[in-house]
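> take this sequence and fold it.
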Amino acid sequence: MAALVLIGLNVFDAWLMRIFLGLEGVELNPLAPPVIANLVARGLIAVATILILNLARKDNLLWWANLVILGLVCWHVAFHTIPPLMNHIS
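Residues are numbered from 1 along each chain as shown. Below you'll find the model as predicted:
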């Protein structure tokens, strides 16, 4: 179950970034290549991460990875929705 959540969160984050970059958003991470907004690439990276953790018998780390990705999704939602909302209210 944790593996499916990790894949889903990664694809959802890539989808959000594709939308935000299409709306004149800017990626602030200078280390982030264009792969960040590519849904297939993010899904494959998640699958590779799951396989590596399974082979290393570190399945319990999947939940930590899920928390990190969930935090990233929340950051992207907050960063791209709160400032425009505040500008609209002012």
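> okay, the residue most central in space within the chain: pLDDT?
For the chain, Asp13 is the residue whose C-alpha lies nearest the centre (C-alpha atoms, centre = their mean; 3.4 Å). For Asp13, the pLDDT comes out at 83.
> what packs against the helix or strand Ala48 falls within?
Element membership for Ala48, per DSSP states H and E: helix 39-55. Contact partners of helix 39-55 among helices and strands, from 3 or more C-beta pairs under 8 Å, 6 or more residues apart in numbering; DSSP states H and E: helix 2-22, helix 61-89. Just so you know, the C-beta spots here come from the backbone N, C-alpha and C atoms, and that holds for glycine as well.
> please tell me how far Leu4 sits from Ala46.
In this view, Leu4 and Ala46 are 10 Å apart by C-beta to C-beta, to the nearest Å.
> can you give me the distance of Leu67 to Asn87?
According to C-beta to C-beta, Leu67 stands 31 Å off from Asn87.
> I meant Leu21, not that one.
Distance from Leu21 to Asn87, by C-beta to C-beta: 19 Å.
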